[in-house]
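[1] Give the three-dimensional model of this entry:
(one chain, ligands or ions: 2)
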Amino acid sequence: MATPDSARLRSRRWFDNPSDPGMTALYLERYMNYGITREELQSGKPIIGIAQTGSDLSPCNRHHIELASRVRDGIRDMGGIPLEFPVHPIQETGKRPTAALDRNLAYLGLVEVLHGYPLDGVVLTTGCDKTTPACLMAAATVNIPAIVLSGGPMLDGWWKGKLAGSGTVVWDARKRFSAGEIDYDEFMNNVASSAPSVGHCNTMGTALSMNSLAEALGMSLPGCAAIPGPYRERGWMSYETGRRIVGMVHENLRPSDIMTQEAFENAVVAAAALGASSNCPIHMIAIARHMGVDHTLDDWQRLGPKIPLLVDCQPAGRYLGESFHRAGGVPAVMRELLLAGKLNGGAMTVTGKSIQENLEGVQEPDRDVIRKYQSPLLDDAGYIVLSGNLFDSAVIKISVIDAEFRARFLSDPAHPNVVDLKAVVFEGPEDYHDRIENPDLGVDEMTLLVIRNCGPVGYPGGAEVVNMQPPASLISRGIETLPTMGDGRQSGTSASPSILNVTPEAAIGGGLALLNTGDMIRIDLNNCRVDLLVSDEELAQRKAAWVKPQLVNQTPWEEIYRGMVGQHATGACLEPATAYLDVIQKRGES
Ligand code: FES
Ligand code: MG
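    Numbering: from 1, shown residues only. Ligands and ions are numbered 1, 2, ... in the order given. Okay, the predicted model is just below:
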């Protein structure tokens, strides 16, 4: 069914351009070779891309291959024509050296597809950690109507009568394996029990966090993020998402209408209430930069720290994705935040309505899993942004600082929230694994484990390695967690209260490069500072003596990436790519 506005559809420039019949014929003929008719392609129906992130190499997103048939049904039922295409795979746990390296590669590839092919709108299939930001970054740059369909979390995992959350269980099982409490087989089986079905991580790791924030931003239909992958509602949501994107094309509702400054502010508030992954600030800042929205770590520091933790999900809490979904999911959390006056309720969403309008009629949640704003799991749960004489910025996730850790390190009555620690420094994850059990290192209960050369340039993409566990000798004495700090990231499934994402990183001469094992470091959470306790002169001398490390590239992309990537604080974007928003949009071709 052609609609009155079909003449303005960008796909018409390929498939029905009377002023250039030669090119139109060329564009058309090959799309007909598997059965689409010329009548369909020239009917003025919107052509809708389905950006397929699922594959055998991307198991967290693999069921999108099946879900896409329901997306197609929805698109067809509303008078659109679906064209599915692959997105460069990004598997968090399988890609060496890091999955983060490929976020910007998938972004680049998707920009080329969205810009260069006859698509009027796109369904972004998301799931595993970096797939969500990669898709949203590309949608921002090209700015054609776009909607997120997450694949949903796996079913809850169980092991010996206890919930086993993906990722989170690994950190715990590793400690028990190191301490000799479990053998190799039990270790493997325990970890595998946390992944019982299709879907992405069932903890509030980076995957569930980023899909929840995509919903909080207004980029998916309400309720989408938390539906487990195998549930029938996931199929329903796929169908409704396919239906809705056609309407969005007719309404010309674009990412720039939805991903506004107000929407990003909402996402910061939602992240704190969810206990979301420490990777979220990086990805949200990257999406905002590609959208041309002024959104920085300052916004996270301004809006996040005073927001309470409302969602009782691992790693900050107890439950997993199924409970989160049954309790009400993201809409229930957003309702709490709206009632508390913490959201910009007028922010537009993919429904064509505001956040506030979408939340009308949302029911009271299951209070065991999603708390009332006034009686949270934890007050003041957002990230704190730190700085000092070693770096311009780093992030610490307050919601995972547990009572035991607080009592051990942050409860000196004379100086609450201030602690001096002795640094033990590792040059990267390989060095950490080689040396952590060496007794000569002198790691004790007042040690700060530091890891460097793990930022976007140093370990290309930025390695998730900062949540280092103490040596077995300490674990067997009951000291399971030490403070850690690094220029890498950490898995969103980790409950480690680490100082993360240090910017600038050591590989480009950041202050962590100047640290020596044995240095004393003061962490002062009251003033959001981390300082090396040496004189300015000493620091200057060390800086003058610093030698830039030789970086070895293993692939062409690593070399290109290292030459263009920015730092974690500014989203680890390909810097030249952030200038393209205006170029593509002003040309009027999107
Ligand atoms: Fe893919 Fe966690 S490893 S979602
Ligand atoms: Mg991860």
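[2] Quick one: residues contacting the residue in the stretch 151-300 of the chain that ligand 2 sits nearest to.
    Closest approach of the stretch 151-300 of the chain to ligand 2 (Cβ to the ion) occurs at residue 206, with a separation of 4.9 Å. To be clear about C-beta, it is placed using only N, CA and C from the backbone, and glycine gets the same treatment. Applying Cβ atoms under 8 Å, 6 or more residues apart in numbering, we find residue 206 in contact with 92, 129-130, 277, 279-280, 283, 491-493.
[3] For residue 133, see how far away it is.
    9 Å (Cβ to Cβ, to the nearest Å).
[4] excluding its backbone neighbours, what's nearest residue 495?
    With Cβ to Cβ, 6 or more residues apart in numbering as the criterion, residue 495 has its nearest non-adjacent residue at 3.9 Å, and that residue is residue 315.
[5] can you tell me the helix or strand for that neighbour?
    Assessed by DSSP states H and E, residue 315 sits outside every helix and strand.
[6] burial count for the residue in the stretch 251-400 of the chain that ligand 1 sits nearest to?
    Checking the stretch 251-400 of the chain residue by residue against ligand 1 with Cβ to the nearest ligand atom singles out residue 277 as nearest, at 10.0 Å. With neighbours defined by other Cβ atoms under 10 Å, the count for residue 277 comes to 31.
[7] a strand runs through it, doesn't it?
    No. Counting by DSSP: H, G, I helix; E, B strand; the rest coil, residue 277 is located in no strand; its state is coil.
[8] Report the contact partners of it.
    Counted by Cβ under 8 Å, 6+ apart, residue 277 has contacts 129, 204-206, 209-210, 491-493.
[9] Who are the packing partners of the longest helix anywhere in the chain?
    Using DSSP state H, we find that the single longest helix of the chain is helix 232-251. Here helix 232-251 touches strand 47-52, helix 64-77, strand 121-126, strand 146-150, going by 3 or more Cβ pairs under 8 Å, 6 or more residues apart in numbering; DSSP states H and E.
[10] in it, what's buried?
    For helix 232-251, burial by neighbour count (16 or more other Cβ atoms under 10 Å) applies to 234-235, 237-250.
[11] List the contacts of the residue in the chain that ligand 2 sits nearest to.
    Per Cβ to the ion, residue 491 is where the chain lies closest to ligand 2, at 4.2 Å. Contact analysis of residue 491 by Cβ under 8 Å, 6+ apart lists 167, 171, 205-206, 277, 464, 467.
[12] again, but for residue 138
    Contacts of residue 138 by Cβ under 8 Å, 6+ apart are 106-107, 110-111, 114, 290.
[13] The residues you listed into TSV, with extra columns for secondary structure, distance to residue 559 and pLDDT?
    Formatted as TSV, the contacts of residue 138 follow (DSSP: H, G, I helix; E, B strand; the rest coil; distance: Cβ to Cβ, whole Å; pLDDT from 0 to 100):
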residue	secondary structure	distance to residue 559	pLDDT
106	helix	18	98
107	helix	18	98
110	helix	22	98
111	helix	20	97
114	helix	26	97
290	helix	23	97
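[14] Nearest to ligand 1, out of those: which one, please.
    Using Cβ to the nearest ligand atom, these come closest to ligand 1 at residue 106, 13.8 Å.
[15] mind checking how far that closest one is from residue 577?
    From residue 106 to residue 577 the distance is 12 Å (Cβ to Cβ).
[16] Between these two, which is the more surrounded one?
    Neighbour count, other Cβ under 10 Å: between residue 106 and residue 577, residue 106 has more, with 23 against 19.
[17] so how far is residue 213 from the more buried one?
    Counting by Cβ to Cβ, the gap from residue 106 to residue 213 is 18 Å.
[18] swap in residue 101?
    22 Å.
[19] Neighbour count for those two, which is higher?
    residue 213 (29 against 25).
[20] helix or strand for that one, which one?
    Using DSSP H and E, residue 213 falls in helix 206-217.
[21] so that helix versus strand 146-150, what angle?
    Per axes from the mean of the first three to the mean of the last three Cα atoms, to 10 degrees, the angle that helix 206-217 makes with strand 146-150 is 140 degrees.
[22] Now helix 206-217: average pLDDT?
    The pLDDT scores in helix 206-217 average 98.
[23] and the residue lying closest to residue 313 once chain neighbours are set aside, what is it in contact with?
    Excluding the flanking residues, the one nearest residue 313 by Cβ to Cβ, 6+ apart is residue 204, at 4.1 Å. Residues near residue 204 by Cβ under 8 Å, 6+ apart: 212, 274-277, 311, 313-317, 324, 492.
[24] which residues sit in contact with residue 386?
    Taking Cβ under 8 Å, 6+ apart as the test, what residue 386 contacts is 393-396, 499, 523, 528-530.
[25] Sketch out the low-pLDDT regions of this structure for me.
    Residue ranges of the chain with pLDDT under 70: 1-4, 582-590.
[26] for ligand 1, what are the nearby residues on it?
    60, 92-93, 128-129, 166-167, 200-201, 205, 207 (Cβ under 6 Å from any ligand atom).
[27] Would you write a ChimeraX line that selects the buried entries of those?
    This is the ChimeraX syntax for the buried subset of the residues of the chain next to ligand 1, where burial follows 16+ other Cβ under 10 Å:
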select :60,92,93,128,129,166,167,200,201,205,207
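[28] Need the residues of the chain next to ligand 1 in TSV (columns: secondary structure).
    Shown next, in TSV, are those (three-state DSSP):
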residue	secondary structure
60	helix
92	coil
93	coil
128	coil
129	coil
166	coil
167	coil
200	strand
201	coil
205	coil
207	helix
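[29] tell me which of the residues of the chain next to ligand 1 is nearest to residue 510?
    Relative to residue 510, the closest of the residues of the chain next to ligand 1 is residue 129; by Cβ to Cβ it sits at 24.3 Å.
[30] near ligand 2, which residues of the protein?
    When proximity is defined by Cβ under 5 Å from the ion, the chain lies next to ligand 2 at 92, 129, 206, 464, 491.
[31] Sticking with the last one, tell me its helix or strand.
    When you say that, I think you mean residue 491. Going by DSSP H and E, residue 491 is not part of any helix or strand.
[32] Give me the buried stretch members for stretch 506-513, please.
    Those would be 506-508, 510-513, for stretch 506-513 by 16+ other Cβ under 10 Å.
[33] er, stretch 46-60 actually
    Applying 16+ other Cβ under 10 Å to stretch 46-60 flags 46-55, 58-60 as buried.
[34] So residue 217 sits against residue 268, correct?
    No. Under the criterion of Cβ atoms under 8 Å, residue 217 makes no contact with residue 268, lying 10.5 Å away.
[35] which residues in the stretch 451-590 of the chain form helices?
    According to DSSP state H, counting those that start in this stretch, the stretch 451-590 of the chain carries its helices in the segments 472-475, 536-545, 556-564, 580-586.
[36] any chance of those in CSV, plus mean neighbour count?
    Converted to CSV, the helices of the stretch 451-590 of the chain look like this (neighbours: other Cβ atoms under 10 Å):
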stretch, mean neighbour count
helix 472-475, 17
helix 536-545, 11
helix 556-564, 15
helix 580-586, 14
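[37] Great, nothing more from me.
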